[in-house]
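[1] Build me a model:
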Amino acid sequence: MTVIDNHDAIGSEGGIRLSEASARDFFELLKPRVMSLVVFTALAGMVLGPGHINPVIGFIAILCIAVGAGASGALNMWYDADIDAVMSRTAKRPIPAGKITPEEALSFGLILSAFSVGILGVVVNWLSAGLLAFTIFFYVVIYTMWLKRSTPQNIVIGGAAGAFPPMIGWACVTNGVSIESVVLFLITFLWTPAHFWALALFKMRDYGAVGVPMMPNVRGEATTKNQIMIYAVLTAVIGVVPTTLGFASTVYGAFAGCLGIGFIWYSLGVLRMPEGDEKMVPAKKLFAFSILYLFAIFSALMADHVIATLWFAGKVS
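    Okay, the predicted model is just below:
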């Protein structure tokens with residue numbers, strides 16, 4: 001497949017020079033690591049939702065949610081191409097690397113958005129499709145185009161976009177929204193600030209260079225550390241709420257409590273980190289643990305639900 005390279009499109013004699021773009025380049029445009037998290041939490045919502053969904057329909061639903069998440073990533077990279085080219089963490093992304101043009105990224109993202117929402121609505125239900133459409137809109141327009149470059153609260157408010165997938169998965173099964181799905185939403189929503197601000201602490205120079213008002217750059221390290229601590233405590237609390245509401249067992253609650261203590265422990269390490277520490281080891285450890293935390297908490301919820309279902313089925317039979 002060939003695409004026009006914006007940086008080198010016009011040759012010395014005024015002709016158009018084409019550059020090669022592989023399928024891998026377009027796949028990278030979808031932010032596959034973020035997509036994997038979206039798919040995983042959406043799957044958790046589907047597993048936990050009361051009721052039954054045909055496995056084929058369920059697979060199509062997960063595929064649509066994944067494509068919708070990828071479309072959001074492509075549109076985010078299209079809009080943020082200017083700052084991605086400056087930041088070391090993102091400079092090798094397909095658009096700043098000259099592998100894909102912004103125009104193609106925009107078209108790619110819009111087509112995938114329409115495809116994912118339309119198919120989800122027709123095959124599954126229109127509530128889940130509407131939630132997916134709102135999630136794409138929120139991430140691209142509210143977060144990427146507005147919040148990201150205008151307020152240090154960008155991650156707090158914008159984090160809602162990443163928190164919707166389990167609610168979408170739940171809606172795929174139930175065609176509704178409930179207090180349980182809201183709790184699943186809140187787990188990711190409250191987890192997001194500590195996760196991203198840990199990253200922002202050891203990437204302050206990158207964000208400062210492009211003028212993105214991340215919390216450490218605008219309010220300073222001390223305020224960021226305090227905010228991380230607050231959200232770590234809130235995350236630990238919401239993690240055990242499924243047990244208090246009765247849709248998870250006490251075994252899950254104990255496991256979630258231990259994970260929450262770990263989250264607070266690593267956040268305390270960040271809180272005690274010396275001002276101006278260039279190595280930022282505690283922040284990097286918190287960032288790594290936060291990823292483990294989210295996968296572990298949703299894995300535990302699914303395992304707990306499956307075990308409870310099998311146990312109940314065995315007693316009934």
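
[2] contacting residues around stretch 47-55?
    Contact with stretch 47-55 is made by 46, 61, 166, 169-174, 180-181, 184, 247, 301-302, 305-306, as judged by Cβ atoms under 8 Å, 6 or more residues apart in numbering. To be clear about C-beta, it is placed using only N, CA and C from the backbone, and glycine gets the same treatment.

[3] Endpoint to endpoint, it covers what distance?
    11 Å (Cα to Cα, to the nearest Å).

[4] average pLDDT for that stretch?
    Taken as a whole, stretch 47-55 has an average pLDDT of 94.

[5] distance between that stretch and the chain's centre?
    Per Cα atoms, centre = their mean, to the nearest Å, the displacement of stretch 47-55 from the mean C-alpha position of its chain is 23 Å.

[6] Name the residues of it that come out as buried.
    For stretch 47-55, the neighbour count (16 or more other Cβ atoms under 10 Å) marks 47-49, 53 as buried.

[7] can you check stretch 276-291 too?
    Buried residues in stretch 276-291, counted by 16+ other Cβ under 10 Å: 280, 282-283, 286-287, 289-290.

[8] what's near enough to touch residue 105?
    Residues counted as contacts of residue 105 (Cβ under 8 Å, 6+ apart) are 29, 74-75, 77-78, 81, 94-95.

[9] Residue 87: which of the residues you listed is nearest?
    residue 81 (11.2 Å; Cβ to Cβ).

[10] Number of residues surrounding that closest one?
    Residues contacting residue 81 under the criterion other Cβ atoms under 10 Å number 19.

[11] Nearest residue to it in space, ignoring adjacent ones along the chain?
    residue 95 (4.3 Å; Cβ to Cβ, 6 or more residues apart in numbering).

[12] doesn't residue 82 make contact with the one you found?
    No: between residue 95 and residue 82 there is no contact under Cβ atoms under 8 Å: 9.5 Å.

[13] The two: who's more crowded?
    Taking neighbours as other Cβ under 10 Å, residue 95 and residue 82 compare with residue 95 leading, 25 against 11.

[14] from the chain's centre, how far out does stretch 272-283 sit?
    The answer for stretch 272-283 is 25 Å, by Cα atoms, centre = their mean.

[15] Would you mark the buried spots in stretch 165-173?
    165-173.

[16] what's in contact with it?
    38-39, 41-53, 58, 61-62, 65, 69, 120, 124-125, 127-128, 131-132, 135, 176-178, 180-182, 184-185, 187-188, 298.

[17] Could I have the buried ones of these as ChimeraX selection syntax?
    If you want just the buried ones from these in ChimeraX, going by 16+ other Cβ under 10 Å, the selection is:
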select :38,39,41,42,43,44,45,46,47,48,49,53,58,61,62,65,69,120,124,125,127,128,131,132,135,180,181,184,185,187,188,298
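
[18] before we move on, back to that, quick check: the two most widely separated of the buried residues of stretch 165-173?
    Greatest spatial distance in the buried residues of stretch 165-173: 165 and 173, 13.4 Å, computed using Cβ to Cβ.

[19] does residue 120 sit in a helix or strand, and which one?
    Assignment of secondary structure by DSSP states H and E places residue 120 within helix 102-123.

[20] Can you check what angle separates the following helix or strand past that helix from helix 102-123?
    Scanning forward in sequence from helix 102-123 by DSSP H and E, the next helix or strand is helix 126-137. Counting by axes from the mean of the first three to the mean of the last three Cα atoms, to 10 degrees, helix 126-137 lies at 160 degrees to helix 102-123.
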